[in-house]
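Engineer: Mind folding the following:
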Amino acid sequence: MPPLDQAFLALADPTRRAILARLSRGEATVMELAAPFDMSQPAVSHHLKVLEKAGLITRGREGTRRPCRLAPQGLAPLDAWLSELRANLDRNYTRLDDLLAEATPPQED
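Structural biologist: The predicted model follows:
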């Protein structure tokens, strides 16, 4: 599956978006990430695997800790796609502004 598709698939779930929001404030362990959710630790681990596969997080190993961190490079495909979309929209609005300017008769004082 292409990286962009994996990223959007990962972001489609509100729990995964909440996990990313939490990680935007700093690294956290699986148990810390699981705390606010009414689900089992294995369910949270599944969400983390999806985010990791999409390249949105990384998981490390520090002794017995397994901290999770945001992976900023994982946002690059999303950012590039959104930037292209915004640029296309801006071009469309500019063309519309030009057409409206041509169609509007000049006002006399």
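
Engineer: From now on I want contacts and neighbour counts done on CA atoms only, so please keep to that.
Structural biologist: Noted.

Engineer: what ranges do the helices span in the chain?
Structural biologist: For the chain, applying DSSP state H gives helices covering 3-11, 14-23, 30-34, 41-53, 76-103.

Engineer: could the ones you listed go into a markdown table alongside distance to residue 59?
Structural biologist: Formatted as a markdown table, those follow (distance: least, C-alpha to C-alpha, whole Å):
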| stretch | distance to residue 59 |
| --- | --- |
| helix 3-11 | 16 |
| helix 14-23 | 11 |
| helix 30-34 | 10 |
| helix 41-53 | 8 |
| helix 76-103 | 19 |
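
Engineer: Among these, which comes closest to residue 64?
Structural biologist: Taking C-alpha to C-alpha, helix 30-34 is the member of these nearest to residue 64, at 11.7 Å.

Engineer: follow-up on the earlier one: the helices of the chain: which one's closest to residue 70?
Structural biologist: helix 14-23 (5.9 Å).

Engineer: Would you mark the buried spots in the closest one?
Structural biologist: For helix 14-23, a neighbour-count test (16 or more other C-alpha atoms under 10 Å) marks 16, 19-20, 22-23 as buried.

Engineer: what's it packed up against?
Structural biologist: helix 41-53, strand 68-70 (3 or more C-alpha pairs under 8 Å, 6 or more residues apart in numbering; DSSP states H and E).
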